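1. Turn this into a model:
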Amino acid sequence: MDCRSNHLKSVVFEFHRYKTMGDETFEQIKKADIHWMYGEENNSISQIAKDLVGNMLSRWTHFMTEDGEKPWRNRDMEFIAPYPAKKSMKEAWEEGWESLFNALDSINMENFDTDVNIGNRSHTIIEAINRQLAHYASHVG
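-> Below you'll find the predicted structure:
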């Protein structure tokens, strides 16, 4: 198997693993627990999930043709206005992951060497994927 194909297969597996961890966490918590915070300086599960979803939608929507820092994303509001309910949080969570997996499915050997932009900085597809994998692992794990 080509190294690029192997890398892509590996990261898809890892993204699915982190999504599953989040899914299992959501199943274990009560509805009211999505807003619980350990302390004033900490974020709730709802805030973290909203940040992850915002990041996913921004990064993976039109992954190869638009900058990953979308002008419509308001990151600060993700922490000020978290999801009001567990149901809406889970629905958005699924939408974010769907965006990610659709983008990964669009990568093939013909476009694998395409550079993508995140914040007007050029990244290889491997760099962009690894950046997001590390980010999501830090929040979900």
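2. how about the nearest residue to Asn130, chain neighbours excluded?
-> Excluding its sequence neighbours, the residue lying closest to Asn130 (Cβ to Cβ, 6 or more residues apart in numbering) is Val11, at 7.6 Å. For every residue, glycine as well, the C-beta is placed using N, CA and C.
3. err, Phe112, not the other one
-> Arg4 (5.1 Å).
4. what helix or strand is that neighbour on?
-> Using DSSP states H and E, Arg4 falls within helix 3-28.
5. which residues of the protein score low on pLDDT?
-> Counting by pLDDT under 70, the chain contains low-confidence ranges at 1.
6. Could you check how far Phe112 is from Glu40?
-> 45 Å (Cβ to Cβ, to the nearest Å).
7. Those two: which is more packed in?
-> More neighbours surround Phe112 than the other of Phe112 and Glu40, with 15 against 5 (other Cβ atoms under 10 Å).
8. Pretty sure the more buried one sits against Ile125.
-> Yes: between Phe112 and Ile125 there is a contact at 5.9 Å, judged by Cβ atoms under 8 Å.
9. What segments of this structure are helices?
-> 3-28, 45-60, 75-80, 86-105, 125-140 (DSSP state H).
10. coming back round to it: who's in contact with the residue nearest to Asn130?
-> Leu104, Ile129, Asn130, Leu133 (Cβ atoms under 8 Å, 6 or more residues apart in numbering).
11. got a markdown table for those residues, with distance to Glu78 too?
-> Output for the contacts of Val11, formatted as a markdown table (distance: Cβ to Cβ, whole Å):
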| residue | distance to Glu78 |
| --- | --- |
| Leu104 | 23 |
| Ile129 | 22 |
| Asn130 | 23 |
| Leu133 | 20 |
